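J.: Task: produce atomic coordinates for the following.
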Amino acid sequence: SLIEAPALPATKLAVECYGEMFGYSGLKKAPELPAMDLVPCCYDYMFEVCESLEEGPYLPAKQLYPGCYEGMFEKCTYLRHIKVGFEDWGDGSATDGWVAGVPSGGLFECPDGLELKYGEGFVPAGWSVNGAAPAAAGSFAAPASKSIRDNHRKLLAPKIPEIHDGHVGPVGSRDAAKSK
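T.: Residues are numbered from 1 along each chain as shown. Now for the predicted structure:
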């Protein structure tokens, strides 16, 4: 099982480029992830069930995209530290389930402007934030977000024009024409 990660210097990413890359490995140290411009599902499930991983890589990106960190640290049972650069969780789909199964007692570092939400898709329950004591159980709980993993290809698929009445029109234009 992989223990040491190779360097991942890419700063221009493609959809699902590193998804599930180290999942279920014996990885002990995460590689640096310098990309500032993310794309959907680029790092999804990257470290899933890496049971030896204690510290996540610094995640410097300021803007999140659907699924970019989804399931990233799921079931990393020794994870104790995550540091992020983003200041907004968005709709929660970017980090859906990213810390599911992570134990309490770690440190989450983030910009001061990030809204503190706790749970499997946000700050891990029972973790301190920027050195402050952990919030009480149930505090700032956020509703679970919908996973986009299975439907992201649909969202990114090119729109193919429809042909109706001998004319080519945008997707959905046939239904719109019928409703008039």
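
J.: all strands of this structure, in order?
T.: All strands of the chain, identified by DSSP state E, fall at 81-83, 107-109, 128-129, 162-164, 167-169.

J.: What sits closest to residue 131 if chain neighbours are left out?
T.: Nearest in space to residue 131, with sequence neighbours left out and distances taken as Cβ to Cβ, 6 or more residues apart in numbering, is residue 107 at 7.2 Å. (Glycine included, C-beta is placed from N, CA and C.)

J.: and what of residue 32?
T.: Closest to residue 32 by Cβ to Cβ, 6+ apart is residue 57, at 5.8 Å.

J.: right, and residue 35 touches residue 17 too?
T.: No - using Cβ atoms under 8 Å, residue 35 is not in contact with residue 17, being 9.3 Å away.

J.: what sits in contact with each of those two?
T.: Residues touching both residue 35 and residue 17 by Cβ atoms under 8 Å, 6 or more residues apart in numbering: 10, 42.

J.: who has more neighbours, those two?
T.: Neighbours were counted for residue 35 and for residue 17 using other Cβ atoms under 10 Å; residue 35 has more, 21 against 16.

J.: And the one residue sitting closest to the centre of the chain, how far from residue 119?
T.: The centroid of the chain falls nearest to residue 69 when counting by Cα atoms, centre = their mean (1.6 Å). Distance, residue 69 to residue 119, by Cβ to Cβ, to the nearest Å: 14 Å.

J.: pretty sure residue 12 contacts residue 39?
T.: No - using Cβ under 8 Å, residue 12 is not in contact with residue 39; the gap is 9.1 Å.

J.: which of those two has more neighbours?
T.: Neighbours around residue 12 and residue 39, counted as other Cβ under 10 Å, are more numerous at residue 39. The numbers are 18 against 8.

J.: thinking that one is in contact with residue 65, fair?
T.: Yes - at 5.8 Å, residue 39 counts as touching residue 65 under the criterion of Cβ under 8 Å.

J.: What about residue 134, how many residues nearby?
T.: 19.

J.: give the contact list for residue 69.
T.: By Cβ under 8 Å, 6+ apart, the residues touching residue 69 are 43-44, 59, 94-95, 98.

J.: Same question for residue 98.
T.: If you count contacts by Cβ under 8 Å, 6+ apart, residue 98 has them with 69-74, 120-121.

J.: Please tabulate those in CSV and include distance to residue 26 and pLDDT as additional columns.
T.: Conversion of these to CSV gives the following (distance: Cβ to Cβ, whole Å; pLDDT from 0 to 100):
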residue, distance to residue 26, pLDDT
69, 22, 98
70, 23, 98
71, 19, 98
72, 17, 98
73, 15, 98
74, 16, 98
120, 24, 97
121, 26, 98
